[in-house]
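> Coordinates for the following, if possible.
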Amino acid sequence: MNNLRIIVAATSDLATDQRLSRHCTALHECGYEIILRGRVLKGSLPVEHRPYQTRRVKHLFRRGPFFYAEYNTRLFFYLLFTRFDIVNSNDLDTLPACYLATWLKRKPLVYDSHEYFTGVPELSGRPVAKKIWETIEKLMLPKVEHFITVNRSIASAYSARYGNNIDVVRNLPVPAGIIPPAKPNKFGLPDTKKIIIMQGAGINIDRGAEEAVRCMHLTSDYILVIAGKGDAVPGLRKMVKEEGLDEKVFFVPPMHRENLLQLTSLCSCGLSLDKASNLNYLYSLPNKLFDYIMAGIPVVVSDLPEPRRIIEQYEVGVVAGCLSPKGLSEKINEVLAKPPVKWKANLEKAAKELNWECEKHKLLAVYQRIEPGS
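Numbering: from 1, shown residues only. This next block holds a predicted model:
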């Protein structure tokens, strides 16, 4: 046990960011004092009780350059006048304040990259913003000694670019245990059809949701549930209405993990359909893939390196080489044609290995290598 204080900085939603929750809980259980510092977001769920401190800060700006400037300025002064032993910076948008504060106070910095930040689609077509973030990367990342990320593809890309030694700590879920049974009507769904689910905290453009909706024209055997939020959701709602799919496509708002697992376990198949339209999606290993496995349902994934590796290793679903509505519908039917019992053994094996209890030791090893005051 130790009493080192770690301040964890993030701009994501503290209520639904399961990676942050798992990391902070594991470190707390290992004896570290944790302060998780985030921001107040419009429409955020309350942060349930945690065994460590959580702090949400209201900001004048919600997005864009003024937000990032305000966020990092306020975070820097908070770190400057707050005692800590280690700072954990989550993603590039928190790094400027964390890097400068730890450099001035001669304290260790752990950088946790949840994605290939400068490859995100939000920076596509915005050369000035992309150049600014790339400059921050070039100035700071080569000097980061303790660097972790979510999969091998992203680790390889960053290592090749900046020369860092990078630890991979995958974003795996906590073992679910027994999922309390529920009925579809709890979530406002009919109980007469098989249910296909696409879930996620980032249901955005180029993640296959549009094709998933349109493939509902080609079947009468199942319905589609889109669970979560994202930039694409308003357009998807409009598409559903205009194309007369109101009885085939349903939207469920963000919910806490326990309820989401209940919903997912009711489904017959899960979708993870990111497209290789940008480097971030090309390298992605979506969290939803592991949530589907944990809930015991087979999956259809797009043909990207990381999801394909999981499907090929564990045989828990199929890879869709074509994401047209027709191609996607064929792959869903291929999954549903196989009785659930045929997927069961593979899903159970995968769930036993692809969970946080097996993965968290990699995280703890990173912090155990850090000498106090190093």
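
> May I have the predicted confidence score for Val213?
Turning to Val213, the model gives it a pLDDT of 96.

> State the number of residues packed around it.
Here the number of neighbours of Val213 (other CB atoms under 10 Å) works out to 23. All C-beta spots, glycine's among them, are computed from the backbone N, C-alpha and C.

> who touches it in this structure?
Neighbouring residues of Val213 by CB atoms under 8 Å, 6 or more residues apart in numbering: 224, 226, 236, 239-240, 243, 245, 249.

> check which helix or strand covers it.
helix 209-214 (DSSP states H and E).

> Dump that helix to PDB, restricted to CA.
Extracted as PDB, the C-alpha positions of helix 209-214 are listed here (Å, rounded to 0.1, in the frame of the first residue of the first chain):
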ATOM      1  CA  ALA A 209     -25.000   3.800 -38.200                       C
ATOM      2  CA  GLU A 210     -26.500   5.100 -41.400                       C
ATOM      3  CA  GLU A 211     -26.000   1.800 -43.200                       C
ATOM      4  CA  ALA A 212     -27.400  -0.100 -40.100                       C
ATOM      5  CA  VAL A 213     -30.600   2.000 -40.300                       C
ATOM      6  CA  ARG A 214     -31.000   1.500 -44.000                       C
END
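
> Partner strands of the following helix or strand past it and their direction?
Later in the chain than helix 209-214, the nearest helix or strand by DSSP H and E is strand 222-228. In the sheet, strand 222-228 lines up against strand 194-200 (parallel), strand 249-252 (parallel) (DSSP bridges).

> can you redo those as a markdown table with distance to Pro96?
Converted to a markdown table, the strands paired with strand 222-228 look like this (distance: least, CB to CB, whole Å):
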| stretch | distance to Pro96 |
| --- | --- |
| strand 194-200 | 28 |
| strand 249-252 | 36 |
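
> Pick the most buried one from those strands.
Compared across the strands paired with strand 222-228, strand 194-200 shows the largest average neighbour count, a mean of 24 (mean count of other CB atoms under 10 Å).

> and that strand, what's its mean pLDDT?
pLDDT averaged over strand 194-200 gives 93.

> Contacts for that strand next, please.
184, 189, 207-209, 212, 221-228, 230, 260, 263-264, 266-273, 286-288, 291-292, 297, 332, 336.

> hmm, back to that, and which of the contacts of Val213 is nearest Asn165?
Ile226 (39.3 Å; CB to CB).

> wait, what's in contact with the closest one?
The contact partners of Ile226, taken as CB under 8 Å, 6+ apart, are 197-199, 203, 209, 212-213, 233, 236, 249-252.

> Please enumerate the strands of the stretch 1-150 of the chain.
Here the stretch 1-150 of the chain has its strands, by DSSP state E, counting those that start in this stretch, at 5-9, 33-39, 53-57, 86-90, 109-113, 146-149.

> The closest residue to Pro184 other than its chain neighbours - how many residues pack around it?
Using CB to CB, 6 or more residues apart in numbering and skipping the chain neighbours, the partner closest in space to Pro184 is Asp191 (4.4 Å). The tally of other residues near Asp191 (other CB under 10 Å) stands at 9.

> could the contacts of Ile226 go into a markdown table alongside distance to Ser89?
Conversion of the contacts of Ile226 to a markdown table gives the following (distance: CB to CB, whole Å):
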| residue | distance to Ser89 |
| --- | --- |
| Ile197 | 33 |
| Met198 | 31 |
| Gln199 | 27 |
| Ile203 | 26 |
| Ala209 | 31 |
| Ala212 | 34 |
| Val213 | 37 |
| Val233 | 29 |
| Leu236 | 33 |
| Val249 | 39 |
| Phe250 | 38 |
| Phe251 | 34 |
| Val252 | 32 |
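
> Just the element for the closest residue to Asp246 other than its chain neighbours, please.
Leaving aside its chain neighbours, Asp246 sits nearest to Val240 (6.1 Å; criterion: CB to CB, 6+ apart). In the assignment (DSSP H and E), Val240 maps to helix 233-242.

> my guess is Asn88 contacts Arg19, does it?
No: using CB atoms under 8 Å, Asn88 is not in contact with Arg19; the gap is 11.3 Å.

> Give me the more crowded residue out of the two.
Using other CB under 10 Å, the more surrounded residue of Asn88 and Arg19 is Asn88, with 27 against 20.

> Can you name the residues that contact the more buried one?
Contacts for Asn88 (CB under 8 Å, 6+ apart) come out as 6-9, 23, 98, 110, 112.

> for those, which one is nearest Leu363?
Of those, the one sitting nearest to Leu363 (CB to CB) turns out to be His23, at 6.1 Å.

> got the contact list for the most centrally placed residue in the chain?
By CA atoms, centre = their mean, the chain has its centre lying nearest to Asn287, at 4.8 Å. The contact partners of Asn287, by CB under 8 Å, 6+ apart, come to 18-19, 171, 173, 200-201.

> So which of these sit within helices?
Members of the contacts of Asn287 lying in helices (criterion: DSSP state H): 18-19.

> any chance of the contacts of Asn287 in TSV, with distance to Cys322 too?
Shown next, in TSV, are the contacts of Asn287 (distance: CB to CB, whole Å):
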residue	distance to Cys322
Gln18	31
Arg19	31
Asn171	27
Pro173	29
Gly200	21
Ala201	27
